[in-house]
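S.K.: pasting the structure only:
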């Protein structure tokens, strides 16, 4: 299982690897001595890999410290130290347990088109295959086709779904789903929510209303809010995340479409700039191509 996961991750990150890790090797192979020119070239490469200016500066500073600490003189040893630095950056966040106790709620948010509903289907499938009792709430009632799409995923992963007609009150759907989750002793309730409404205030009101319903009707549940981001949008994903973080607070990130981009470095700046951990990454189209994020495995696959 682990090997299969790692192979999928490696092939999913192949675009990032060829534009990032392979170029690091090129730079270091042509470097005669560890000097400012080498650092400048690495810095430029990190920025173009969508790691972001602030995070890049931090990585370069950490790398310089490690090189000094190891008294490294040979440029060929720089790559291993850079990998260490990147792994430390990726591991820096505390994760809350998504399943903690008998009742758990996942509120999934994100703008339309990032792969939100698909990610929910894949998470449902993941937990179901790990023996958990899962229920879906189709509370994205505004986007045409969202309910049908989630319905397809519920059948595909063999989990129940609570839904109403298009345009129904999302908070009412969540209310019904909570009652069903309690009655059926469901371990994990996953709520799909509106990705975009007429404006930011509408979205904020909608999400606050859903949160109030969960807090009032299901206070005993362990609740986490995860934001779905599309890796192919690079630094724009971070801007999006900052806006959502202001609106409703975030416990974690699901990063989709990593296989379709050379901007895999965005994972590093997301954790660094948002101070929010990445829980899942999508590295393909298949139902089991959404993986739990593991910093060491990610760094190994990248390097």
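M.R.: Done, it's in. Quick caveat, the model's predicted, so the values are computed rather than measured. Residues are numbered from 1 along each chain as shown.
S.K.: just the strands in the chain please.
M.R.: Per DSSP state E, the chain carries strands over the ranges 104-109, 134-139, 160-162, 188-193, 222-230, 252-256, 278-282, 290-292.
S.K.: Mind putting those strands into a markdown table with mean pLDDT and mean neighbour count?
M.R.: Using the backbone N, CA and C atoms, a C-beta is placed for each residue, glycine as well. As requested, the strands of the chain are exported to a markdown table (pLDDT from 0 to 100; neighbours: other C-beta atoms under 10 Å):
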| stretch | mean pLDDT | mean neighbour count |
| --- | --- | --- |
| strand 104-109 | 96 | 24 |
| strand 134-139 | 98 | 27 |
| strand 160-162 | 98 | 19 |
| strand 188-193 | 97 | 27 |
| strand 222-230 | 95 | 23 |
| strand 252-256 | 94 | 24 |
| strand 278-282 | 93 | 23 |
| strand 290-292 | 90 | 20 |
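S.K.: got the ones you listed as TSV, with distance to residue 25 columns?
M.R.: Output for the strands of the chain, formatted as TSV (distance: least, C-beta to C-beta, whole Å):
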stretch	distance to residue 25
strand 104-109	38
strand 134-139	43
strand 160-162	48
strand 188-193	41
strand 222-230	28
strand 252-256	25
strand 278-282	24
strand 290-292	26
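S.K.: For residue 179, which of those is the nearest?
M.R.: strand 160-162 (8.8 Å; C-beta to C-beta).
S.K.: who touches that closest one?
M.R.: When contacts are defined by C-beta atoms under 8 Å, 6 or more residues apart in numbering, strand 160-162 is touched by residues 134-138, 150-151, 154, 173, 176-177, 180, 184.
S.K.: thinking again about what came up before, so which of the strands of the chain is nearest residue 61?
M.R.: strand 278-282 (22.6 Å).
S.K.: got the angle for that closest one vs strand 222-230?
M.R.: Angle of strand 278-282 versus strand 222-230, following axes from the mean of the first three to the mean of the last three C-alpha atoms, to 10 degrees, is 40 degrees.
S.K.: Run the angle between strand 278-282 and strand 252-256 for me.
M.R.: 10 degrees.
S.K.: Tell me where the model's unsure across the stretch 1-150 of the chain.
M.R.: 1-3, 92 (pLDDT under 70).
S.K.: Return the distance of stretch 83-102 from the chain's centre.
M.R.: 12 Å (C-alpha atoms, centre = their mean, to the nearest Å).
S.K.: Could you pull out the buried residues of it?
M.R.: 83-87, 89-90, 93, 98 (16 or more other C-beta atoms under 10 Å).
S.K.: And stretch 231-251, by the same measure?
M.R.: Across stretch 231-251, burial judged by 16+ other C-beta under 10 Å covers 231-235, 237-238, 240-241, 244, 247-248, 250-251.
S.K.: Those in helices, which ones?
M.R.: 235, 237-238, 240-241, 244, 247-248 (DSSP state H).
S.K.: tell me the helices in the stretch 51-200 of the chain, going along the chain?
M.R.: For the stretch 51-200 of the chain, the helices defined by DSSP state H, counting those that start in this stretch occupy 53-69, 78-90, 116-129, 146-157, 170-183, 200-217.
S.K.: out of the ones you listed, nearest to residue 281?
M.R.: helix 116-129 (10.1 Å).
S.K.: ok, now how distant is residue 123 from residue 108?
M.R.: Distance, residue 123 to residue 108, using C-beta to C-beta, to the nearest Å: 8 Å.
S.K.: same deal with residue 94?
M.R.: Counting by C-beta to C-beta, the gap from residue 94 to residue 108 is 20 Å.
S.K.: So for residue 4, which of the helices of the stretch 51-200 of the chain sits nearest?
M.R.: Between the helices of the stretch 51-200 of the chain, helix 116-129 lies closest to residue 4; by C-beta to C-beta that is 13.6 Å.
S.K.: In that closest one, which residues are buried?
M.R.: Those would be 116-127, for helix 116-129 by 16+ other C-beta under 10 Å.
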